[in-house]
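In: Fold the following.
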Amino acid sequence: MAIKETFLHSVEAIEEHYNVGDFIFREGSTPQFYYQIVSGEVKLNRFAEDGKEFIQNIFTEKSCFGESMLILGKPYPMNAIALTPCTILKLGRNQFFQLLQEHREIFTDIYSTLADLAFEKQTLMRVITSENAEDRLIEIMELLKESYDNKDKFSLEIPHTRQQLASLTGLSIETAIRAIKKMEKKNIVMIKDRKIFY
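Out: This next block holds a predicted model:
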């Protein structure tokens with residue numbers, strides 16, 4: 001769900017630019033803004049005590065992120081980090097709540113988006129407890145394909161690297177690579193120019 005950029009500008013949203021690796025917000029910080037991506041990619045992640053990264057989600061342009069914590073007023077349980085150079089619109093907390101009060105359709109869209117994210121998270125939590133690496137990867141790919149009209153086999157180019165897929169599913173990079181190779185042999189995915197198609 002995205003709010004029209006022209007509309008965000010009209011209510012005093014600020015446009016900011018981030019380089020690869022820049023933190024947009026850090027785990028434990030208090031939410032102050034509604035964030036919407038104009039261009040680029042952002043990952044939400046956490047780091048375990050041993051330094052292992054767990055990616056919770058990856059967002060691309062026209063996506064918003066972190067809004068559930070803004071609504072709850074609770075500290076972020078994760079980081080938001082630019083995966084690519086990004087342009088992001090930021091709208092202050094007070095303006096955001098005023099926007100929701102004055103524009104019921106925006107409130108309804110955000111409510112629906114949060115429900116979808118909660119569903120995805122529950123689905124992922126179920127599959128991440130699976131011992132089968134292929135099942136974990138297939139579930140991620142199914143969730144990615146859900147939002148595309150074309151459901152044909154191999155119609156979706158997976159927009160994530162093997163490392164990102166591993167981090168999203170809680171697998172080691174080696175296990176993810178082995179599982180993807182097995183999936184290719186079983187004709188579940190197609191690899192072309194090192195890109196994965198599902």
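
In: what's in contact with the longest helix along the chain?
Out: The longest helix of the chain (DSSP state H) is helix 104-128. The contact list for helix 104-128 (CB atoms under 8 Å, 6 or more residues apart in numbering) reads 1, 3, 57, 64, 67-68, 71, 99-101, 135-136, 139-140, 143, 168-170. Where you see a C-beta, it was placed from the backbone N, CA and C, and this is true even at glycine.

In: let's go with 10 Å and repeat that
Out: Under the contact criterion CB atoms under 10 Å, 6 or more residues apart in numbering, helix 104-128 has outside partners 1-4, 7, 34, 54, 56-57, 63-65, 67-68, 71, 96-97, 99-101, 103, 135-140, 142-143, 146-147, 168-171.

In: Poorly predicted segments of the protein, please.
Out: Where the chain drops to pLDDT under 70, the residues are 1, 123-129.

In: mind listing the strands for it?
Out: Secondary structure of the chain (DSSP state E): strands at 14-18, 23-25, 33-39, 42-47, 53-59, 64-65, 79-82, 86-92, 190-192, 195-197.

In: List the strands paired with the fifth one, with their directions.
Out: Taking DSSP bridges as the criterion, strand 53-59 forms sheet pairs with strand 42-47 (antiparallel).

In: Show me what counts as buried in the strand it pairs with.
Out: Neighbour counts using 16 or more other CB atoms under 10 Å place 42-45 of strand 42-47 among the buried residues.

In: what do you get for stretch 132-143?
Out: Neighbour counts using 16+ other CB under 10 Å place 133-134, 136-141 of stretch 132-143 among the buried residues.

In: I'd like those written out as JSON lines, with distance to Lys90 added.
Out: Putting the buried residues of stretch 132-143 into JSON lines (distance: CB to CB, whole Å) gives the following:
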{"residue": "Ala133", "distance to Lys90": "38"}
{"residue": "Glu134", "distance to Lys90": "39"}
{"residue": "Arg136", "distance to Lys90": "34"}
{"residue": "Leu137", "distance to Lys90": "34"}
{"residue": "Ile138", "distance to Lys90": "36"}
{"residue": "Glu139", "distance to Lys90": "32"}
{"residue": "Ile140", "distance to Lys90": "29"}
{"residue": "Met141", "distance to Lys90": "32"}
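
In: Thank you, goodbye.
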